[in-house]
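# Prediction below, plus the sequence it came from.
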Amino acid sequence: MPQVITPALVLRRADYADYDRMVTLFSPERGRIDAIARGCRRPKTPLVNAVEPFTSGEFQLYESRDRFTLEQCQISESYYDLRADYDRLLHGVYWLKLLDAAILPDIPAETLFIVTLRALAHLNWGELPPALVTMAFEMHFMALNGLAPRMNSCALCGRPIDGDTRFDAFLGGAVCLRCPSSAPKIGNGARRILMKLPRTQFDKFQLLDGHPDWPEAARHFRSYINLKMHLDRFAPPLHQAQA
Ligand SMILES: [Zn+2]
């Protein structure tokens, strides 16, 4: 079936030849799609806005010998506000890098797609600190990729954990205070956020606004995701004042 119609989010674009662009799409049904957008750098082309990062909509592609050509796009959202705000943009760009590193061709990722659009809506229109939205996105992103840290039992001895403990990013979870470890301590409140947030509906993270423990949870989780994803250089500041 050479024609493909799919909802998608643009993760990145790159110039190609004289007037073309390569665009990387995240489709909930088909995962990653790298497509060529022919002529989209010519003046007055209808595709010019469709190949900007953060654009989401319904994309029509033509598939031939495993290559995709972008034919049309019905844009549903461009997220202009976040693209015009440096602080928010820093966070959004980091999310796109995480997705770009994780989304694979022909592997559907429907829940992650929905989570991503919800997170982008909060970042674009919401009033919450961008660092809080990023923490929620990071935790759901890792859990949906099967990489949630284990926070309810010790990674060394297996004992159940309730209360203050240590968090060992390398071992991928909590280490109890009875086991020998030089991993940093994590308070019980932050530990419970790491344990519970990825298991709740995405929008529930809003309840953490003003919660004293989320910055500590964000700090520990960032050390963990940096170790797993190697995207440190794109990671935005953790405690950013709201713009
Ligand atoms: Zn232990």
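Done, it's in.
# Quick check, central residue of the chain?
Nearest to the mean C-alpha position of the chain, by CA atoms, centre = their mean, lies Trp95 at 3.8 Å.
# other SSEs contacting the helix or strand where that one lies?
Take DSSP states H and E as the rule and Trp95 turns out to sit in helix 86-102. Contact here means 3 or more CB pairs under 8 Å, 6 or more residues apart in numbering; DSSP states H and E; on that basis helix 86-102 packs against strand 3-16, helix 80-83, helix 110-125, helix 130-144, helix 214-229. Heads up, the C-betas are built off the backbone N, CA and C, glycines and all.
# Compare these and give me the one nearest Leu197.
For Leu197, the closest of the helices and strands packed on helix 86-102 is helix 130-144, at 5.0 Å, according to CB to CB.
# Which positions in that closest one come out as buried?
Buried positions in helix 130-144, judged by neighbour count with 16 or more other CB atoms under 10 Å: 130-144.
# do the same with stretch 191-209
Buried residues in stretch 191-209, counted by 16+ other CB under 10 Å: 191-195, 197-198, 202, 205, 208.
# Span of that stretch from start to end?
End-to-end distance of stretch 191-209 (CA to CA, to the nearest Å): 17 Å.
# Let me see the mean pLDDT of it.
For stretch 191-209, the mean per-residue pLDDT is 96.
# Can you pull the phi/psi pair for Tyr62?
With angles defined as degrees, to the nearest 10, Tyr62 sits at phi -120, psi 130.
# beta partners for the residue nearest to it when sequence neighbours are not counted?
Leaving aside its chain neighbours, Tyr62 sits nearest to Thr69 (4.6 Å; criterion: CB to CB, 6 or more residues apart in numbering). Beta bridges link Thr69 to Ile36, Tyr62, judged by DSSP bridges.
# returning to what we had before: with mean pLDDT and distance to the ion added, can I get the helices and strands packed on helix 86-102 in TSV?
Output for the helices and strands packed on helix 86-102, formatted as TSV (pLDDT from 0 to 100; distance: least, CB to the ion, whole Å):
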stretch	mean pLDDT	distance to the ion
strand 3-16	95	40
helix 80-83	92	42
helix 110-125	98	32
helix 130-144	97	23
helix 214-229	95	17
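# what about the nearest residue to Ala143 once chain neighbours are set aside, distance to the ion?
Spatially, and ignoring its direct neighbours in sequence, Ala143 is nearest to Pro198 (3.5 Å; CB to CB, 6+ apart). Noted for Pro198: a distance of 23 Å to the ion, by CB to the ion, to the nearest Å.
# Return the residues of this structure in contact with the ion.
Within the chain, the positions near the ion by CB under 5 Å from the ion are 154, 156-157, 176, 179.
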